[in-house]
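S.K.: Sequence and predicted structure, then a few things I'm wondering about:
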Amino acid sequence: QVQLVESGGGPVRPGGSLRLSCVVSGITVNPYAIGWFRQAPGKEREWVACIGSSGEATYPSDYAKGQFTVSADNARRSVYLQMNSLKPEDTAVYYCAAQYLCSGQLTSIKYWGQGTQVIVSS
């Protein structure tokens, strides 16, 4: 059974940075793209970044590309999301997810992590 576990969330002041981690277990070779999503209170879950099965990074928008950097180890068993210049509106639960191809379609997700809370506040 594939499992994804996020870590690295917590409180941070506006303008600060955080690096989230996602550890993929339950498989020997990871065939999946790993996406990062976030869900703020009262809002829909949105896609923020993804690293494909070939290691290529994909972002849904120029804003996301400037705000987030996704990376992974060679085996994509650990995937990271570097977040810089954080704003209060970045407050959300951040999830990593396994999917066959990078996509913002929630229906394409095979496995979800449990999420890690990020709170940006002064």
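M.R.: Noted; the coordinates are in hand. Residues are numbered from 1 along each chain as shown.

S.K.: The residue nearest the centre of the chain and Gln117: what is the separation?
M.R.: Nearest residue to the geometric centre of the chain (C-alpha atoms, centre = their mean): Trp36, 2.3 Å. Counting by C-beta to C-beta, to the nearest Å, the gap from Trp36 to Gln117 is 14 Å. C-beta coordinates here come from the backbone N, C-alpha and C atoms, glycine included.

S.K.: same check, this time on Leu81
M.R.: Following C-beta to C-beta, the distance that separates Leu81 from Gln117 is 14 Å.

S.K.: These two: who's more crowded?
M.R.: Leu81 (26 against 12; other C-beta atoms under 10 Å).

S.K.: Burial check on Thr107, number of neighbours?
M.R.: Neighbour count for Thr107, taken as other C-beta under 10 Å: 6.

S.K.: Likewise for Ser54?
M.R.: For Ser54, the count of nearby residues is 7 (other C-beta under 10 Å).

S.K.: got it, and Gly8?
M.R.: There are 16 residues near Gly8, going by other C-beta under 10 Å.

S.K.: Run a quick check on it versus Val23, I expect a contact.
M.R.: No - using C-beta atoms under 8 Å, Gly8 is not in contact with Val23, being 10.7 Å away.

S.K.: tell me what the helix or strand of the chain with the lowest mean pLDDT is packed against?
M.R.: Lowest by mean pLDDT, DSSP states H and E among the helices and strands of the chain is helix 62-67, with a mean of 88. If you count contacts as 3 or more C-beta pairs under 8 Å, 6 or more residues apart in numbering; DSSP states H and E, helix 62-67 packs onto strand 46-51.

S.K.: so what's in contact with Leu81 and Gln117 at the same time?
M.R.: Common contacts of Leu81 and Gln117 (C-beta atoms under 8 Å, 6 or more residues apart in numbering): Tyr94.

S.K.: any chance you could map the strands in this protein?
M.R.: 3-7, 10-12, 18-25, 33-39, 46-51, 57-58, 68-72, 78-83, 92-99, 109-112, 116-120 (DSSP state E).
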